[in-house]
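*Asks:* A predicted structure for the sequence below; I have some questions about it.
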Amino acid sequence: LQLVESGGGLVQPGGSLRLSCVASGDTLDDYAIGWFRQAPGKEREGVSCIVSHDGSTYYLNSVKGRFTISRDNAKNTVYLQMNGLKPEDTANYYCAAELPVHTVQEMCITGRFGSWGQGTQVTVSA
């Protein structure tokens, strides 16, 4: 399974971006998908994750109400819609996939995903 992210860029505070994660080599239907981010000097953190079998989602507290994760299995793609962006959202964003063996919250917090994309940079600055 290969994952490729896109959609990052430079945006002003309060702006929006939509990140995409396209998968190849396998279908995402049975996978849990996560969006993670890592800023310079900081640890990687799980931003949002979703599983397909029941649609369960998890969001990092700091992004609740601003970010929305969704998936289009027909396009083998997962999205992260980011609204109300803040400078503290600046980071390299990665998508990841793994067959769900734990709750979506546990997977997102621990980051136990086997397949990772190369990342896309999001910079929020005036």
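*Replies:* Yep, it's here. Residues are numbered from 1 along each chain as shown.
*Asks:* show me the helices in the chain, by range?
*Replies:* Here the chain has its helices, by DSSP state H, at 104-110.
*Asks:* can you tell me the centre-most residue of it?
*Replies:* Trp35 (1.8 Å; C-alpha atoms, centre = their mean).
*Asks:* next up, the contacts around that one.
*Replies:* With contact set as C-beta atoms under 8 Å, 6 or more residues apart in numbering, Trp35 has these partners: 19, 21, 46-49, 69, 78, 80, 93-96. The way it works is simple: take the backbone N, C-alpha and C, and place the C-beta from them, glycine included.
*Asks:* how long is stretch 67-84 end to end?
*Replies:* End-to-end distance of stretch 67-84: 8 Å, with C-alpha to C-alpha, to the nearest Å as the criterion.
*Asks:* who does Leu3 form a beta bridge with?
*Replies:* Bridge pairing for Leu3 (DSSP bridges) gives the partners Ala23.
*Asks:* OK, contacts around it?
*Replies:* Leu3 touches 21-23, 95-97, 115-117, counting by C-beta under 8 Å, 6+ apart.
*Asks:* returning to that earlier point: in strands only, show me the contacts of Trp35.
*Replies:* Judged by DSSP state E, strands contain the following of these: 19, 21, 46-49, 69, 78, 80, 93-96.
*Asks:* mind putting the residues you listed into TSV with pLDDT?
*Replies:* Compiled in TSV, these are given as follows (pLDDT from 0 to 100):
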residue	pLDDT
Leu19	98
Cys21	97
Gly46	98
Val47	98
Ser48	98
Cys49	97
Ile69	97
Val78	95
Leu80	98
Tyr93	98
Tyr94	98
Cys95	97
Ala96	97
